[in-house]
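**Q** what would the 3D arrangement of this be:
(one chain, ligands or ions: 1)
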Amino acid sequence: MTAEGALLVAEDLRKAYGPTPALDGAHFSVHAGEVVAVMGPSGSGKSTLLHCLAGIVRPDSGSIRYQGRELAALSDKERSLLRRTAFGFVFQFGQLVPELTCTENVALPLRLAGTARKEAEATALRWMERLEVDSIGHKRPGQVSGGQGQRVAVARSLVTSPRVLFADEPTGALDSLNGERVMELFTDAARSTGAAVVLVTHEPRVAAYSDREVVVRDGKTRGLEYAV
Ligand SMILES: Nc1ncnc2c1ncn2[C@@H]1O[C@H](COP(=O)(O)OP(=O)(O)OP(=O)(O)O)[C@@H](O)[C@H]1O
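**A** As a prediction, the model looks like this:
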């Protein structure tokens with residue numbers, strides 16, 4: 001496989017925080033329907049790479065193209081629209097809104113995009129069934145287990161049918177059994193939609209759910225068979 005036809009391509013990314021280089025010539029690409037695990041030691045630049053790819057952090061130099069469009073050439077408004085409509089996010093701690101029920105949390109991205117409550121909650125429920133958390137829809141995040149909460153967060157990330165899903169240590173707060181179940185449901189659900197998944201993890205067990213691994217070390221990537 002080559003970077004040709006890839007959904008998201010990054011070339012020669014560099015980013016420093018003051019004197020600390022976080023990315024030092026990183027390359028990356030992911031195709032639709034592909035799950036890529038970003039591995040590497042603590043502090044190697046994995047999260048910075050993910051944040052650059054998602055348009056959250058602007059690299060100092062280098063190129064990031066989504067569907068052939070250079071992210072740096074987009075206005076702030078266009079970039080935030082892209083993040084809301086084409087990208088989905090799952091983080092280590094689900095970051096659910098504590099005052100809302102689980103169903104309302106999953107429906108929230110659709111509600112924010114203007115979908116009527118009934119329709120948004122019906123779509124939410126379909127994803128919650130998929131992630132096996134439909135029975136706890138009426139509960140608030142504080143009343144469910146860590147594994148259930150994380151599956152609710154995964155359902156929320158999928159509800160808008162994003163083209164790229166970014167996950168930063170999505171199972172980091174879970175025990176291994178729960179973590180594996182979340183990964184299984186997450187990757188199955190993502191694959192069924194044809195979304196690309198960029199998954200940051202330092203756990204080989206989690207990376208085993210990916211199609212391909214990219215290793216980041218001292219801000220540089222390797223293990224990439226794509227010639228970009
Ligand atoms: N906002 C920031 N301000 C200053 N330095 C930062 C910031 N974010 C990251 N860094 C530094 O950049 C480097 C890469 O950090 P990054 O979080 O990308 O690594 P990581 O591989 O995701 O680490 P971990 O596995 O521990 O989460 C580190 O040296 C880190 O201290």
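**Q** now the helices for this structure?
**A** Secondary structure of the chain (DSSP state H): helices located at 46-53, 76-85, 102-112, 117-130, 146-158, 176-193, 204-207.
**Q** which of those sits closest to the ligand?
**A** helix 46-53 (3.3 Å; Cβ to the nearest ligand atom). From N, CA and C alone the C-beta is placed, and that goes for glycine too.
**Q** out of the helices of the chain, which one sits most buried?
**A** Neighbour counts (mean count of other Cβ atoms under 10 Å) averaged over each of those peak at helix 146-158, with a mean of 26.
**Q** ok, and what's touching it?
**A** 88-91, 94-96, 102, 105-106, 108-109, 124, 127-128, 130-133, 136, 141, 144, 165, 167, 170-171, 173-175, 178, 181-182, 185-186, 189-190, 193, 195 (Cβ atoms under 8 Å, 6 or more residues apart in numbering).
**Q** quick one: closest of the helices of the chain to R222.
**A** With distances scored as Cβ to Cβ, the stretch of the helices of the chain nearest to R222 is helix 46-53 (12.6 Å).
**Q** show me what that closest one is packed up against.
**A** Taking 3 or more Cβ pairs under 8 Å, 6 or more residues apart in numbering; DSSP states H and E as contact, the helices and strands that helix 46-53 lies on are strand 8-17, strand 20-30, strand 35-39, strand 164-168, strand 196-200.
**Q** in stretch 206-225, what's buried?
**A** Residues 206-207, 209-210, 212-216, 219-221, 224 are the ones in stretch 206-225 that count as buried (16 or more other Cβ atoms under 10 Å).
**Q** any chance of JSON lines for the helices and strands packed on helix 46-53, columns mean neighbour count, mean pLDDT and distance to the ligand?
**A** Listed next are the helices and strands packed on helix 46-53 as JSON lines, based on neighbours: other Cβ atoms under 10 Å; pLDDT from 0 to 100; distance: least, Cβ to the nearest ligand atom, whole Å:
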{"stretch": "strand 8-17", "mean neighbour count": "19", "mean pLDDT": "96", "distance to the ligand": "3"}
{"stretch": "strand 20-30", "mean neighbour count": "21", "mean pLDDT": "95", "distance to the ligand": "3"}
{"stretch": "strand 35-39", "mean neighbour count": "24", "mean pLDDT": "95", "distance to the ligand": "8"}
{"stretch": "strand 164-168", "mean neighbour count": "24", "mean pLDDT": "93", "distance to the ligand": "8"}
{"stretch": "strand 196-200", "mean neighbour count": "25", "mean pLDDT": "94", "distance to the ligand": "6"}
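**Q** need the helices of the chain in TSV with distance to the ligand and mean pLDDT, can you?
**A** Shown next, in TSV, are these (distance: least, Cβ to the nearest ligand atom, whole Å; pLDDT from 0 to 100):
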stretch	distance to the ligand	mean pLDDT
helix 46-53	3	95
helix 76-85	18	89
helix 102-112	25	95
helix 117-130	28	96
helix 146-158	17	91
helix 176-193	16	86
helix 204-207	13	88
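**Q** surely L174 is in contact with T201?
**A** No: in this structure, L174 is not within contact of T201 by Cβ atoms under 8 Å, at 11.9 Å.
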